[in-house]
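*Asks:* Output the structure for:
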Amino acid sequence: MKIGRIGYINCAPVYGAIDRGVVALPPGGELVTGTPAELNDLLVAGELDVSVISAIEYARHAPELVLLPDLAISCDGPVRSVALFSRRTVRQLDGRTVLLSASSRTSVALLELLCRDVWKIRPKFAEARAEAQDLEALAALPHEAVLVIGDPALKLAAAGTYAHRYDLGEEWKRWTGKPFVFAVWAARRAADPAAVQRGHESLLASRAWGLEHLEEIAGETARVTRLPVATCREYLSGLDYAFGERHRAALMDFLRRAGVPQFMQVA
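*Replies:* Purely as a prediction, here's the structure:
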């Protein structure tokens, strides 16, 4: 069984115990690491059996997938790792070039909604790579603002390169009063149900360990990212890895606003 994992530190609390051997994967289980967009495509293509997947991509491919319960990546206010960095105030971006991270689709859809329905602007969107190793090259591209997600967003915020930063989780909360679900875990509908259940149980057990050892994980992620431990601790503590009725309702609201069909079947 192949299980997808995002290579950002936001997944560390879910996979930390598996990495340390505290929680075992099912027999034959293998972790595959990639960006959110890469994992989306691999799961839909059938190259993964279970994976974290962008919430909007799960919805777009729901007939082929089964949603795993009680496991997601969400926030209820600032998310810190999904942000629009801008040289101008957001309302001055009408008609100007905004680069979009090629690594995330839910975040892009959320930004498009905010531009259309909240800020009432129509920027010129262009896709660009915005991983940590791309930030220097990104700065040389002509643009007024850029959407960056994951560890690169944390690093860019620390660098203070842009005059303005808009946290998309915070903007959604201000707009709707609801949490925002960025990613869920799903399985291929064709995958062996018993194997999927064992994989899901491993992920839940690993998440439970991770949340109990968040200080240890914050220290490790600080070494990986070279960010202050306090920054990593604050970031990871602000994320919610559960998926209950409140999260489901918020996700359904987002999908409705984004015009995506709302079909969810839970394993």
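*Asks:* Distance from stretch 3-23 to the middle of the chain?
*Replies:* From the chain centre to the centre of stretch 3-23 is a distance of 14 Å (Cα atoms, centre = their mean, to the nearest Å).
*Asks:* now do stretch 252-260
*Replies:* Remark: stretch 252-260 is offset 17 Å from the chain centroid, using Cα atoms, centre = their mean.
*Asks:* Poorly predicted segments of this protein, please.
*Replies:* Scanning the chain for pLDDT under 70 picks out 132, 262-267.
*Asks:* Which strand in it has the most residues?
*Replies:* Longest strand in the chain by number of residues (criterion: DSSP state E): strand 65-75.
*Asks:* Which strands and helices lie in contact with it?
*Replies:* Identification of packing neighbours for strand 65-75 by 3 or more Cβ pairs under 8 Å, 6 or more residues apart in numbering; DSSP states H and E yields strand 50-54, helix 55-60, strand 180-188, helix 193-212, strand 239-240, helix 245-258. Just so you know, the C-beta spots here come from the backbone N, C-alpha and C atoms, and that holds for glycine as well.
*Asks:* Residue 111 is nearest to which of those?
*Replies:* Proximity to residue 111 (Cβ to Cβ) singles out helix 245-258 among the helices and strands packed on strand 65-75, at 11.0 Å.
*Asks:* quick one: buried residues of that closest one?
*Replies:* 247, 248, 250, 251, 253, 254, 255, 257 (16 or more other Cβ atoms under 10 Å).
*Asks:* if we can go back for a sec, can you pull the alpha-carbon coordinates of the longest strand of the chain into PDB?
*Replies:* This file holds the C-alpha atoms of strand 65-75, laid out as PDB (Å, rounded to 0.1, in the frame of the first residue of the first chain):
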ATOM      1  CA  LEU A  65     -12.300   8.400  -4.000                       C
ATOM      2  CA  VAL A  66     -13.500   7.600  -0.400                       C
ATOM      3  CA  LEU A  67     -13.000  10.200   2.300                       C
ATOM      4  CA  LEU A  68     -11.300   9.000   5.400                       C
ATOM      5  CA  PRO A  69     -13.000  10.200   8.600                       C
ATOM      6  CA  ASP A  70     -11.600  12.400  11.400                       C
ATOM      7  CA  LEU A  71      -8.500  13.500   9.600                       C
ATOM      8  CA  ALA A  72      -7.800  16.800   7.800                       C
ATOM      9  CA  ILE A  73      -5.600  19.900   7.800                       C
ATOM     10  CA  SER A  74      -7.600  23.000   8.700                       C
ATOM     11  CA  CYS A  75      -7.400  26.200  10.600                       C
END
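*Asks:* So what angle separates the directions of that strand and helix 193-212?
*Replies:* On the basis of axes from the mean of the first three to the mean of the last three Cα atoms, to 10 degrees, strand 65-75 is oriented at 10 degrees to helix 193-212.
*Asks:* in strand 65-75, what's buried?
*Replies:* 65, 66, 67, 68, 69, 71, 72, 73, 74, 75.
*Asks:* Find the nearest non-adjacent residue to residue 130, please.
*Replies:* residue 101 (4.1 Å; Cβ to Cβ, 6 or more residues apart in numbering).
*Asks:* Correct me if wrong: the one you found contacts residue 125.
*Replies:* No. Residue 101 lies out of contact with residue 125 (Cβ atoms under 8 Å); the separation is 11.1 Å.
*Asks:* Please say which of those two ends up with more neighbours.
*Replies:* Under the neighbour definition other Cβ atoms under 10 Å, residue 101 and residue 125 were set side by side, and residue 101 has more, 27 against 14.
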